[in-house]
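Undergrad: the sequence and its predicted three-dimensional model are supplied below.
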Protein chains: 2
Amino acid sequence: MNIAVLGSGTIGQSWCALFLAAGHQVVAYDPDPAMEASIIRFVNASKSALQSLGYQSAGTLERFRFSPSASDAVQGAELIQENAPEKIDVKHQLFSEIEPHLDPRAVILSSTSGITLEELQAGLKDPSRIVIAHPFNPPHLIPLVELLGNHETDPLVMGRVRTFYESLRKVPVELKKSVAGHIANRIQAVVWQEALHLAREGVASLADIDKAIANGPGIRWSIYGPNQLFSLAAGDRGLEGFIEHLGPSFQSWWSEAGRIEFDSRTLEIVREHVEQSAGDLEAMKAYRDELLLKILEAKNAVSKGEPEK
Amino acid sequence: MNIAVLGSGTIGQSWCALFLAAGHQVVAYDPDPAMEASIIRFVNASKSALQSLGYQSAGTLERFRFSPSASDAVQGAELIQENAPEKIDVKHQLFSEIEPHLDPRAVILSSTSGITLEELQAGLKDPSRIVIAHPFNPPHLIPLVELLGNHETDPLVMGRVRTFYESLRKVPVELKKSVAGHIANRIQAVVWQEALHLAREGVASLADIDKAIANGPGIRWSIYGPNQLFSLAAGDRGLEGFIEHLGPSFQSWWSEAGRIEFDSRTLEIVREHVEQSAGDLEAMKAYRDELLLKILEAKNAVSKGEPEK
């Protein structure tokens, strides 16, 4: 497939690496011509990880071209993954530049995390051809892609988009309604809020709370979400049995959950944490990346037995 | 070490399997003599998982004895892991039965999730010898153990307890202050609350929200907690840089996070989910357990490179 990747920052580079690894023809655009070298470095750097996840063309640059012109980059592309800066004016400017050159069936997939679909659509003559396809960092490795269309979206487009990401072994999840932060960031937000709240209350340090998450519930959340986990936790009585048994406890924890802001107290807690937990950033990143890859490999290896949901 | 395990339900059986696997002498007590056979079944069933995690004595029953008498079970035990039913009267009755027979240096480790340390201590003549040591299910596999002592706790006890769990390769996290739900359950609660809230709002189905978690943020939480992850997500600007950049977004998601109850609307959403997601429970459990083991193996394999926190 011919894919244009518009905007070649962290997200754009990661998409390029994945699309190339899956054997697609990729033209990347960025207003800064120096990004060509950055993309190539990223494709090389991510080669072995993508290879070990089974992407046969990982690291191939034969089907890659860089273009400093957006209208050139989209020529003949069936899909356009847009990763321009999160400024509506910049995105609208880009849309007006490319729209006259788009293939009639081309679909724009916006990686935006904070701009609404309606705002994006306002910059296009044909609003039916754009959907939000928000990845989770880093896009070439983490499976989740959050999809959002609306009543203006061409009814056939969402199916094509879903099939495309599934063909890359991503896990597309379609939102039925626009909401700030989509799903994943909102879930991240409540976790971080409760972590900061507990540290504010003096229950434990942020480092210890992190440790509790990554050695407790976090391990299970890399397998299943909460509803599925709790469905399996009450014998054959399922989720409703779990709620009968533990609903009152959860409800009391809900009523006590913290509501905080980034006020001076929160920032003080963060500052203390930063002072106490200084470490070797590169070693921590290496640990994160090595373990992430092993977990993704494990998820692939066991996925054959995964029940349909 | 001589360990008594009091109460041989799911949690007690799991502790037995782990303590035996680590080479300890275990006497298990349960008022129901039929539990002896259950424990033995559990030890056998968990043998291969514990073996593959490197516990050399996994499955060994030579150092195991069952006793239908609590006072007999605690004779000569240095540690008593208490997993009696979550009823304060039952626990107090048990304490009064065992206390006259305890070794002078014996420490009681309570697996309670919902009873406070102060309530537990009220049932002992010597409140200095009990701490909460709350595992995360299943205790023989998940590393986290939440510890809690208070001003009455013998100052030397917490160090011994921590060393004990570390020797089992558990990850003890000490709470400095009592709070309902400790850390892990409170974090689980906010995740589930936001998941149910988003489903109530029609953003996505519970099944899709689960999918988003387990294929997005959940994967990263099995590696690091949110503070550590975000510390690595803003280049060399660390956690404070991350907050400068994304703090306002998180704050807006916090302000929009849902507050729900198990009212008729929530229960209706749950019922719909249960109807739509019926599947093979045994296959799902097998998938969960196989993947859990692979992730724990991966965490062990990479842990050498894990930076000190």
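TA: Perfect, thanks for sending it.
Undergrad: quick one: contacts for the spatially most central residue of chain A?
TA: Centroid check for chain A by Cα atoms, centre = their mean gives residue A:136 as the closest residue, at 1.4 Å. Taking Cβ atoms under 8 Å, 6 or more residues apart in numbering or on different chains, we find residue A:136 in contact with A:142, A:144-146, A:184, B:216-217. From N, CA and C alone the C-beta is placed, and that goes for glycine too.
Undergrad: could you redo the last one with a cut-off of 7 Å?
TA: Counting by Cβ atoms under 7 Å, 6 or more residues apart in numbering or on different chains, residue A:136 makes contact with A:142, A:144, A:184, B:216.
Undergrad: what sits against the first one?
TA: Under the criterion of Cβ under 7 Å, 6+ apart, the contact list for residue A:142 reads A:136, B:216, B:219.
Undergrad: I'd like these as a markdown table, with secondary structure, pLDDT and distance to residue A:14 appended.
TA: Listed next are the contacts of residue A:142 as a markdown table, based on DSSP: H, G, I helix; E, B strand; the rest coil; pLDDT from 0 to 100; distance: Cβ to Cβ, whole Å:
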| residue | secondary structure | pLDDT | distance to residue A:14 |
| --- | --- | --- | --- |
| A:136 | coil | 95 | 11 |
| B:216 | coil | 98 | 15 |
| B:219 | helix | 98 | 15 |
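Undergrad: out of the residues you listed, who's nearest residue A:88?
TA: residue A:136 (22.3 Å; Cβ to Cβ).
Undergrad: so how far is residue A:297 from that closest one?
TA: Counting by Cβ to Cβ, to the nearest Å, the gap from residue A:136 to residue A:297 is 18 Å.
Undergrad: show me the shaky parts of chain A.
TA: Residue ranges of chain A with pLDDT under 70: A:303-309.
Undergrad: quick one, strands of it?
TA: Secondary structure of chain A (DSSP state E): strands at A:2-6, A:25-29, A:64-67, A:79-82, A:107-110, A:130-135, A:144-148, A:171-175.
Undergrad: that older thread, what's the most distant pair in the contacts of residue A:136?
TA: Maximum pairwise distance in the contacts of residue A:136, criterion Cβ to Cβ, is 9.3 Å, between A:142 and A:184.
Undergrad: shared neighbours, those two?
TA: In contact with both residue A:142 and residue A:184: A:136, B:216, using Cβ under 7 Å, 6+ apart.
Undergrad: so what's the closest residue to residue A:154 other than its chain neighbours up against?
TA: Spatial nearest neighbour of residue A:154, chain neighbours left out: residue A:128 (4.2 Å); criterion: Cβ to Cβ, 6 or more residues apart in numbering or on different chains. By Cβ under 7 Å, 6+ apart, the contact set of residue A:128 is A:152-154.
Undergrad: from chain B, how far off is residue A:18?
TA: Going from residue A:18 to chain B by Cβ to the nearest Cβ, to the nearest Å gives 15 Å.
Undergrad: hang on, residue A:71 packs against residue A:95?
TA: No. Using Cβ atoms under 7 Å, residue A:71 makes no contact with residue A:95, being 11.2 Å away.
Undergrad: more neighbours: which of these two?
TA: Neighbours were counted for residue A:71 and for residue A:95 using other Cβ atoms under 10 Å in any protein chain shown; residue A:95 has more, 24 against 15.
Undergrad: tell me which parts of the stretch 51-200 of chain A are close to chain B?
TA: Residues of the stretch 51-200 of chain A lying near chain B by Cβ under 7 Å from any Cβ of the partner chain: A:114, A:136, A:142-144, A:146, A:171, A:173, A:175-177, A:179-181, A:183-195, A:198.
Undergrad: and these, which are buried?
TA: Buried members of those, scored by 16 or more other Cβ atoms under 10 Å in any protein chain shown, are A:114, A:136, A:142-144, A:146, A:171, A:173, A:175, A:179, A:181, A:183-195, A:198.
Undergrad: so which of these are in helices?
TA: Among these, DSSP state H puts A:184-195, A:198 in helices.
Undergrad: columns distance to residue B:263 on top of these, output as a markdown table?
TA: Putting those into a markdown table (distance: Cβ to Cβ, whole Å) gives the following:
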| residue | distance to residue B:263 |
| --- | --- |
| A:184 | 26 |
| A:185 | 26 |
| A:186 | 21 |
| A:187 | 21 |
| A:188 | 26 |
| A:189 | 23 |
| A:190 | 19 |
| A:191 | 24 |
| A:192 | 27 |
| A:193 | 23 |
| A:194 | 22 |
| A:195 | 27 |
| A:198 | 26 |
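Undergrad: quick check: the two most widely separated of the residues you listed?
TA: Counting by Cβ to Cβ, the most remote pair of those is A:184 and A:198, 21.7 Å apart.
Undergrad: show me where the stretch 201-309 of chain A has helices.
TA: A:206-214, A:217-221, A:226-231, A:238-256, A:264-276, A:281-302 (DSSP state H, counting those that start in this stretch).
Undergrad: burial count for the closest residue to residue A:5 other than its chain neighbours?
TA: Setting aside the residues directly before and after it, residue A:5 is nearest to residue A:28 in space (Cβ to Cβ, 6+ apart), at 4.5 Å. Residues near residue A:28, counting by other Cβ under 10 Å, number 28.
Undergrad: wait, residue A:28 sits on residue A:9?
TA: No. Judged on Cβ under 7 Å, residue A:28 makes no contact with residue A:9 at a distance of 11.0 Å.
Undergrad: state the distance from the closest residue to residue A:33 other than its chain neighbours to residue A:21.
TA: Counting by Cβ to Cβ, 6+ apart, residue A:33 lies nearest to residue A:68, which is 5.0 Å off, once chain neighbours are set aside. To residue A:21, residue A:68 is 24 Å away according to Cβ to Cβ.
Undergrad: more neighbours, the two?
TA: Between residue A:68 and residue A:21, counted using other Cβ under 10 Å, the more crowded position is residue A:21 (24 against 13).
Undergrad: residue contacts, that one?
TA: Contacts for residue A:21 were tallied using Cβ under 7 Å, 6+ apart; they are A:50, A:55, A:57-58.
Undergrad: what about those residues, which are in helices?
TA: Among the contacts of residue A:21, the members falling in helices (DSSP H) are residue A:50.
Undergrad: quick one: which two of the contacts of residue A:21 are the most distant?
TA: A:50 and A:57 (8.7 Å).
Undergrad: the more surrounded of those two?
TA: residue A:50 (22 against 17).
Undergrad: leaving out sequence neighbours, find the closest residue to the more buried one.
TA: residue A:58 is the one closest to residue A:50 (Cβ to Cβ, 6+ apart), at 3.6 Å.
Undergrad: got the contact list for the one you found?
TA: Residues near residue A:58 by Cβ under 7 Å, 6+ apart: A:21, A:47, A:50-51.
Undergrad: just residue A:143 next, same as before
TA: Counted by Cβ under 7 Å, 6+ apart, residue A:143 has contacts A:170-171, B:215.
Undergrad: tell me the contacts of the nearest residue to residue A:253 once chain neighbours are set aside?
TA: Distances taken as Cβ to Cβ, 6+ apart place residue B:189 nearest to residue A:253, at 3.7 Å, with adjacent residues excluded. Residue B:189 is in contact with A:250, A:253-254, A:257, B:181, counting by Cβ under 7 Å, 6+ apart.
Undergrad: could you redo the last one with a cut-off of 8 Å?
TA: A:194, A:250, A:253-254, A:257, B:181.
Undergrad: grab the two from those residues that are most spread out in space.
TA: Most distant of the contacts of residue B:189, by Cβ to Cβ, are A:194 and A:250, 13.1 Å apart.
Undergrad: quick one, phi/psi of the residue nearest to residue A:7 when sequence neighbours are not counted?
TA: Take residue A:7 and drop its neighbours on the chain: the residue closest to it by Cβ to Cβ, 6+ apart is residue A:83, 3.8 Å away. When quoted as degrees, to the nearest 10, the phi and psi of residue A:83 stand at phi -130, psi 40.
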